[in-house]
Each structure stands twice: as structure tokens, then as C-alpha cells.
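1. build me a model from this:
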Amino acid sequence: MISKRSKNSPGFTLTEMLVVVGIIVALTAIAIPVGNRALRSSRKSACLGNLRQIGVGLESWLQDHNNVMPELAAGRSNKTENVPVLDTLLVDYVSSPDVFRCPEDRELFTQSGSSYLWNTTQNGRHKTQLSFFGATEASRIPLVTDKESWHGEEDGVNMLYADYAASGKFTFSTSH
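-> As a prediction, this is how the structure comes out:
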């Protein structure tokens, strides 16, 4: 014998289920962009941390070399290219070769060994004699930058300045 369900039986109607599914979809549509933004922000922070570690490694290298900046190429196109670059010079002065990888970099680190470029205008200069487009304040002289604008439109490139501060903000100008 099959019993009929009474009007007060437990369960959900089709309308109630559709409302719940609609709410879940709406919350997901809001949460995904917020989560992506938070993830991108954490990767940018990790990149800034890498640049700070490169700065510490560079300072240690400078102490071993009379405070004279190294003579380096800006970067290399692949790991087999035999040119002096940041990642080969400082590998013994940083905690890990992964310091030279920006978390947003999907291919250049694997190809070239670094996500970062060296500012060749500082090659061979004494640490106290640095300048960049007329600026002589260490906080306005970029030493290392991201190879690409991985961190979005507005603050797309992170930089390590000569005072070893890492930032996504440009603190130098090309005119006085």
C-alpha cells in the first residue's frame, strides 16, 4: 500500500530549492573575484618579499666587494646564455634560487632563471655614488625590477630601490 504525503510532510519544494541554488550562485559570483583579488595581493606581497631578500643578498655581496656594484647584464633570455646576471651572482647570498621567482611569473623564471631585471646603469658604481636620471637619493634609485607587469595595471611592476626598500610605487622621475 502506498501512502499519500500529507501537506505538512518534511522536504523542500522545487521553488525553495531554486531559491537556495540561486543564493549559492550569487554568493559564489561575489566570492570568486574577491578571492582572486586576495590571492593576487598575496602573490604581490611574496614578490616584494623576494625583492627584499635580493636586497639583503646584494648588501652582503657588496660588503664582500668593497661596496662596488657588480657589472651585470640586465637579464638573459635563457639559462644557457653565459652572461653575468643577478641570479647567478647572488645565488650564494640568498636563501634559495626560488627568491628569483615572482609568484605571478608563469614562464620567464623557468626559461631564464629569474623574474627580475638588474638596472645596468648602476654597474661598477660605488654604493655611495649611485644616481638615476639625476636622482641621488637611494630611495629614488631602482636597482632590480620585475621583468613584466605581473601585478595588474596600476601597480604592475615591483622594484627594489638602492635603500633596499621594495615597492610597487614609482619613487623616481625622469625630470627635475
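2. just checking, His126 touches Ala162?
-> No: using C-beta atoms under 8 Å, His126 and Ala162 do not qualify as a contacting pair, with a distance of 11.6 Å. Placement of C-beta: from N, CA and C, glycine included.
3. so for the two, which residue has more residues nearby?
-> Between His126 and Ala162, counting by other C-beta atoms under 10 Å, Ala162 is the more crowded of the two (25 against 11).
4. distance of the more buried one from Val83?
-> Ala162 is 23 Å from Val83, where distance means C-beta to C-beta, to the nearest Å.
5. do the same with Leu160
-> Counting by C-beta to C-beta, the gap between Leu160 and Val83 amounts to 20 Å.
6. show me where this protein has its helices.
-> 14-64, 86-90, 108-112 (DSSP state H).
7. can you tell me which of those helices is most buried?
-> Per residue and on average, the most neighbours among the helices of the chain fall to helix 86-90, with a mean of 22 (mean count of other C-beta atoms under 10 Å).
8. with only the CA atoms kept, save that helix in PDB.
-> C-alpha atoms of helix 86-90 as PDB (Å, rounded to 0.1, in the frame of the first residue of the first chain):
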ATOM      1  CA  LEU A  86      71.700  38.800 -10.800                       C
ATOM      2  CA  ASP A  87      70.600  35.200 -10.100                       C
ATOM      3  CA  THR A  88      74.000  33.700 -10.800                       C
ATOM      4  CA  LEU A  89      75.900  36.400  -8.900                       C
ATOM      5  CA  LEU A  90      73.700  36.300  -5.700                       C
END
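9. what's next to that helix, contact-wise?
-> The set of residues external to helix 86-90 that reach it, using C-beta atoms under 8 Å, 6 or more residues apart in numbering, is 54, 57-58, 61, 70, 72, 75, 97, 100, 113-114, 116-118, 144.
10. in PyMOL, how would I select the buried members of the residues you listed?
-> Here the buried members of the contacts of helix 86-90 are turned into a PyMOL selection, burial being counted by 16 or more other C-beta atoms under 10 Å:
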select buried, resi 54+57+58+61+70+72+75+100+113+114+116+117+118+144
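11. nearest to Leu48, of the contacts of helix 86-90?
-> Within the set of the contacts of helix 86-90, Ile54 lies nearest Leu48; the separation is 10.6 Å, counting by C-beta to C-beta.
12. residues contacting the closest one?
-> Residues touching Ile54, when contacts are defined by C-beta under 8 Å, 6+ apart, comprise Leu86, Leu90, Val94, Val99, Phe100, Tyr116, Val144, Leu160.
13. show me where the protein dips below the pLDDT cut-off.
-> 1-9, 34-35, 153-155, 171-176 (pLDDT under 70).
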